[in-house]
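Enquirer: Build the 3D model from these lines:
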Amino acid sequence: MRFALALVFFAAAAAQQPEARDIMRRSVDANDQNWKIARNYTFLERSEERQLDSAGRVKSKQVKTYDVTLLEGSPYRRLVERDDHPLASEEQQKEKEKLERSIAERSRETPAARERRIAEYEKRRERERELMREVADAFDFRVAASDHVDGREVWVIEATPRPGYQPRNWNMKFLPHVRGKLWIDKLSLQWAKLEAEVIDPVSWGLFLLRLERGARIGFEQTRVNDEVWLPKRVVVSASARIGFIKKLRIEQDVAYKNFRKFQADSRLVAAQPE
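Expert: Residues are numbered from 1 along each chain as shown. Reported below is the predicted structural model:
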């Protein structure tokens, strides 16, 4: 009797557990809605790139911080710091002049030219959306657990390459060579966190770039103003070979902060992650 009750309980729990692929597909639609709000936010972007030697020691490091703002309908990136220090006065002046030229050029655009520029920006976004849709088809998914990220309840979903999957175009050819794990917010269906690993070497591009096994990427988002999810951090660690000779070991850490909502009257409203 107890065994039968346990089976009934297990079956009821399984019936209430959403199917992992359905969660993934609904998360793509949820991301579209999120993007419509996210595009109205500006932020600071700090990018640190390190090149390593064969022993894993840092050979060189470059750190740049950009103020990313919305300028006449599409983003504009202005360099504001180098190696975590304000720019020298001469470089500040150059960045100021570049911004002024861009403002002048965009304000003089014909409606057709402005539409083309914004369409190019939207095209990049559509490629990101296409990748998300492809991910939903390229992997087998399993709801591994429930967890919490930043105090929010999430599904932990494991993704492994789907046998027989054929990429729709060359941009997606790396997907069968990757496995990953996603933390998806149960309320908003946004990707709160992602970790992916290259499980066998993959090559693509005109320059014969070959990404070695073990390359990793991590991605985190944060909820801002209780209305939108915005990128918080992207971390990449990889060994790659260009052509048949040059081998690179790189690490990149990109962090986002100081989110501000861009209003129609050009005022910026400060926002803090929850």
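Enquirer: If we ignore the residues flanking it in sequence, what's nearest Arg152?
Expert: Nearest-residue entry for Arg152: Asp185, 5.6 Å, with adjacent residues in sequence omitted and distances by C-beta to C-beta, 6 or more residues apart in numbering. Heads up, the C-betas are built off the backbone N, CA and C, glycines and all.
Enquirer: Hmm, that neighbour is touching Ala192, no?
Expert: Yes. Look at Asp185 against Ala192 with C-beta atoms under 8 Å: they come within range, at 5.0 Å.
Enquirer: Report the separation between Ser89 and Lys96.
Expert: Separation of Ser89 from Lys96 (C-beta to C-beta, to the nearest Å) stands at 10 Å.
Enquirer: And those two? Which one has more around it.
Expert: Lys96 (12 against 8; other C-beta atoms under 10 Å).
Enquirer: Just give me the neighbour total for the residue nearest to Arg152.
Expert: Neighbour count of Asp185, defined by other C-beta under 10 Å: 21.
Enquirer: which residues touch it?
Expert: Asp185 makes contact with Val149, Arg152, Glu153, Val154, Trp191, Ala192, Trp229 under the criterion C-beta atoms under 8 Å, 6 or more residues apart in numbering.
Enquirer: Show me what the mean pLDDT comes to for stretch 81-99.
Expert: Regarding stretch 81-99, the rounded mean pLDDT is 96.
Enquirer: Can you point out the buried residues in it?
Expert: In terms of neighbour count (16 or more other C-beta atoms under 10 Å), stretch 81-99 has its buried residues at Leu87.
Enquirer: For it, measure first residue to last.
Expert: For stretch 81-99, the first-to-last residue distance is 15 Å (C-alpha to C-alpha, to the nearest Å).
Enquirer: Contacts for it, please.
Expert: Residues outside stretch 81-99 that contact it (C-beta under 8 Å, 6+ apart): Arg46, Gln62, Val63, Lys64, Thr65, Tyr76, Arg78, Leu79, Val80.
Enquirer: Out of the residues you listed, who's the most crowded?
Expert: Thr65 (21 neighbours).
Enquirer: which non-adjacent residue is nearest that one?
Expert: Glu81 (3.8 Å).
Enquirer: Following the chain onward from the strand or helix carrying the one you found, which element is next?
Expert: Taking DSSP states H and E as the definition, Glu81 sits inside strand 74-82. Sequence order places strand 85-86 as the next helix or strand after strand 74-82, per DSSP H and E.
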